[in-house]
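**Student:** Turn this into a structure:
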Amino acid sequence: MLNRNVSKVRLFFRNNVRRVETLFFIIKSLLSERQFIYVSAVLVSVSTAFAVIVLKGFAHNVFLFANYINGYLKLPYINSLLPIVGIILTVFVVRKVLGGKIEKGSSRILYAVAKRGGIMPRKQMYAQIVTSSLTVGLGGSAGLESPITITGAAFGSNFAQKYKLSKKDRILLLACGVAAGIAAAFNAPIAGVLFAIEVVLADVSITAFIPIMISAATGAIVSTVVLNEEVLLSFRQQHSFDYHNIPYYIILGILGGLVSVYHARKFQKIEAHFAKMRNGDYRKALYGALPLAALIFLLPTLFGEGYESIKVLANPNPEALLNNTVLEEFKHNGWVLLAFVGVTMLVKVYATGLTLSSGGNGGNFAPSLFVGSYLGFFVAKFVHLIGLDRDLPVGNFTIVGMAGILSGLFHAPLTAIFLIGEITGGYNLMLPLMIVSSVSFAVSKQFEKHSMDIKHLAEEGQVFTSDKDRNILSSIDLLGVVTTDIKTIQTTHKPDDVINLLSTTSQNIFAVTDEKNRLIGIVDFNSIRHLVFSPFKIKYSKLEEMIAAPREVVSLEDSVESIMEKFDASGTDYLPILKDERYYGFVFKSKILEAYRQKLKEIVIE
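**Tutor:** Predicted coordinates:
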């Protein structure tokens, strides 16, 4: 009976989905291409906004439940237990439901844009929601924004694929989903637009602005109507700016850049440590979850996204942060509170690293805001306690500090400025936001060329960056410029065989391979011309005398940018290319330059 009812529900759902899809195909046929993009932008953003509502609502209610229990226990026991359960459940779902693998991190969006033409796997539309709600919703020390943006991007990508839109429109709808996710998560439509343009779309045309703005506005509206304001990170008290505090804001910006570099490098080390482990998935989960539980017990504000503790720090009674902790009896001691905040700020990267590296799913967007707020509070409170300036507005520094770390970690100063400006309900702090964000970005950029999320992919040429030449090279399909129909010479051949090949083909170069198709060397007509045109010399020559070692060898795994660097270093116009350490073909510099010229023409036309 149960199976029959389930089958009926599935059939009902499938039939209704088909009806909706048919309706949209009809709508597409009636509208112009541009009009359909606008309609699509709204639908993608509504879907993304409801994903945000599910994730944020679940995480907030779990936080309220944990606080309710901790109020009775007087210590954060429940805070420590829930993240262990969440990480283990996440690993279980990934293994049993998602095929044992899930692509994590916003860098996957950038990779899809640069290398997949905006195509994202269908399962990303639900995989991120399920796994991040288990990890972060149950207290894992990470953020929901990265899963939200991946989900939104997947909605946009798969919608475009379903209705057979072009590559350009597919990437545009992917960016619309990202913009809607950020806008809905913070009720910050301008920040959503800027994040999509500043982080996702390295090159953007004016025509892309309108669909992205529509998506961001729609996402923010749905979030505002459905979500309770308490769930969102928002500050409604009035903030004022005093120009006498500019030196302190500059100091905060410098510290923000340095802390950003510290956070990025420590996180990458933790990731690398777990990547080397050969333990089973569940053992790895426990290996990370148990120390995470200990950290959360000692520093309960590491639980979950941490947005509630940011609000506490920005309010007039920040000592409430020590409620239900081992330091509660010292909460009115300013130095104890300062030490707690400072240690928590530095330890947050370990909590986030353990959460994500052990098998949990989430991102570093929320941790960056968390660390920034704690840094801002620490600076202002320290200045208070040493008596240097007792009028320094601690709440302002707590809020502005978030922009500093967000800008330093993600190299997105505009997003940082307008996000914090929007969630504070005004732009009275615009000048300090600009100072702190720009200084932090400049300092961070001195140490880290790329943002934390995309560093490893950017170094491999797998994502777009602010370097437009590099972006064009990254967009070239290597397989499209490789020549594979060049005849080869075997090690068993004789010089006369080479002469025959030269006379019967138009080739000037030949790869010499052994019986296992391994590359031995190259025969270049220009290098053996003196032998070819001398019957006497050719008669007494050996094949080995005609073979030269290649100046450089490339692989199908190499980026086009790295191949061009090898061309420049070797001074040659062609390079042999290998696949799985076997000879595959040749890549010619002229073909890459022609592909580059064609890509450049397409960009200009767009």
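**Student:** The stretch 51-200 of the chain: helices as residue ranges?
**Tutor:** Taking DSSP state H, counting those that start in this stretch, the helices of the stretch 51-200 of the chain run over residues 77-96, 107-115, 124-135, 145-162, 167-186, 189-195.
**Student:** Residues in contact with the last one: which ones?
**Tutor:** When you say that, I think you mean helix 189-195. 149, 178-184, 186, 209, 212-213, 215-217, 219-220, 412, 414-415, 418-419, 421-422 (Cβ atoms under 8 Å, 6 or more residues apart in numbering). In this view, the C-beta of every residue, glycine as well, is placed from N, C-alpha and C.
**Student:** To residue 35, which of the helices of the stretch 51-200 of the chain lies closest?
**Tutor:** helix 167-186 (12.3 Å; Cβ to Cβ).
**Student:** Would you confirm that residue 390 contacts residue 382?
**Tutor:** No. Look at residue 390 against residue 382 with Cβ atoms under 8 Å: they stay out of range, at 12.0 Å.
**Student:** More neighbours: which of the two?
**Tutor:** residue 382 (16 against 9; other Cβ atoms under 10 Å).
**Student:** which SSE is that one in?
**Tutor:** For residue 382, the host element (DSSP states H and E) is helix 365-385.
**Student:** Okay, angle between that helix and helix 167-186 too, please.
**Tutor:** 40 degrees (axes from the mean of the first three to the mean of the last three Cα atoms, to 10 degrees).
**Student:** starting at the chain centroid, how far to whichever helix or strand comes after helix 365-385?
**Tutor:** Downstream of helix 365-385, the next assigned helix or strand under DSSP H and E is helix 394-410. From the chain centre to the centre of helix 394-410 is a distance of 20 Å (Cα atoms, centre = their mean, to the nearest Å).
**Student:** from now on call the first residue 112
**Tutor:** Sure thing, new numbering starts at 112, so read that last one as helix 505-521.
**Student:** Okay, angle between helix 505-521 and helix 476-496 too, please.
**Tutor:** Inter-element angle recorded for helix 505-521 and helix 476-496: 140 degrees (by the same axes, to 10 degrees).
**Student:** for helix 505-521, packing partners?
**Tutor:** Packed against helix 505-521 by the contact rule (3 or more Cβ pairs under 8 Å, 6 or more residues apart in numbering; DSSP states H and E) you find helix 357-386, helix 418-425, helix 476-496, helix 524-534, helix 541-558.
**Student:** redo that, cut-off 10 Å
**Tutor:** Here helix 505-521 touches helix 357-386, helix 418-425, helix 445-468, helix 476-496, helix 524-534, helix 541-558, going by 3 or more Cβ pairs under 10 Å, 6 or more residues apart in numbering; DSSP states H and E.
**Student:** Select, out of those helices, the one closest to residue 167.
**Tutor:** helix 418-425 (9.5 Å).
**Student:** Quick check: buried residues in the closest one?
**Tutor:** 418-421, 423-425 (16 or more other Cβ atoms under 10 Å).
**Student:** Residue 666: which of those is nearest?
**Tutor:** Lowest distance from residue 666 to the buried residues of helix 418-425 (Cβ to Cβ) belongs to residue 418, with 45.1 Å.
**Student:** What score does the closest one have for pLDDT?
**Tutor:** pLDDT for residue 418: 84.
**Student:** Likewise for residue 405?
**Tutor:** Looking at residue 405, its pLDDT is 91.
**Student:** right, and it touches residue 191 too?
**Tutor:** Yes. Residue 405 is within contact range of residue 191, at 7.3 Å (criterion: Cβ atoms under 10 Å).
**Student:** quick one: which of the helices and strands packed on helix 505-521 is nearest residue 168?
**Tutor:** Residue 168 lies closest to helix 418-425 among the helices and strands packed on helix 505-521, at 13.4 Å (Cβ to Cβ).
**Student:** can you count the residues close to residue 549?
**Tutor:** Using other Cβ under 10 Å, residue 549 has 18 neighbouring residues.
**Student:** what sits against the residue nearest to residue 605 when sequence neighbours are not counted?
**Tutor:** Nearest residue to residue 605, sequence neighbours excluded (Cβ to Cβ, 6 or more residues apart in numbering): residue 654, at 6.3 Å. By Cβ atoms under 10 Å, 6 or more residues apart in numbering, the contact list for residue 654 reads 600-609, 623, 631-632, 634.
**Student:** List phi and psi for residue 654.
**Tutor:** Dihedral angles of residue 654 (phi, psi; degrees, to the nearest 10) stand at phi -60, psi -40.
**Student:** any idea how far it is from residue 620?
**Tutor:** From residue 654 across to residue 620, the span is 15 Å (Cβ to Cβ, to the nearest Å).
**Student:** again, but for residue 468
**Tutor:** Using Cβ to Cβ, residue 468 is found at 47 Å from residue 620.
**Student:** Comparing those two, which residue is more hemmed in?
**Tutor:** residue 468 (19 against 16).
**Student:** And the more buried one, how far from residue 462?
**Tutor:** Distance from residue 468 to residue 462, by Cβ to Cβ: 11 Å.
**Student:** What of residue 695?
**Tutor:** Taking Cβ to Cβ, one finds residue 695 at 45 Å from residue 462.
**Student:** Same drill for those two, tell me which one is more crowded.
**Tutor:** residue 462 (25 against 21).
**Student:** The more buried one touches residue 190, doesn't it?
**Tutor:** No. Look at residue 462 against residue 190 with Cβ under 10 Å: they stay out of range, at 11.6 Å.
**Student:** between the two, what contacts are shared?
**Tutor:** Taking Cβ under 10 Å, 6+ apart as the criterion, residue 462 and residue 190 both touch 407, 410, 412-414.
**Student:** Columns distance to residue 237, neighbour count and secondary structure on top of these, output as TSV?
**Tutor:** As requested, the shared contacts of residue 462 and residue 190 are exported to TSV (distance: Cβ to Cβ, whole Å; neighbours: other Cβ atoms under 10 Å; DSSP: H, G, I helix; E, B strand; the rest coil):
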residue	distance to residue 237	neighbour count	secondary structure
407	28	25	helix
410	33	24	coil
412	30	25	helix
413	28	28	helix
414	25	29	coil
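**Student:** any weak-confidence spans in the stretch 162-311 of the chain?
**Tutor:** Applying pLDDT under 70 to the stretch 162-311 of the chain flags the ranges 178, 181-187.
**Student:** for the stretch 312-461 of the chain, that is, sorry about that
**Tutor:** 313-318, 340-350.
**Student:** is it true that residue 310 touches residue 524?
**Tutor:** No. Counting by Cβ under 10 Å, residue 524 is not a contact partner of residue 310; they are 11.2 Å apart.
**Student:** could you check the distance from residue 701 over to residue 690?
**Tutor:** From residue 701 across to residue 690, the span is 22 Å (Cβ to Cβ).
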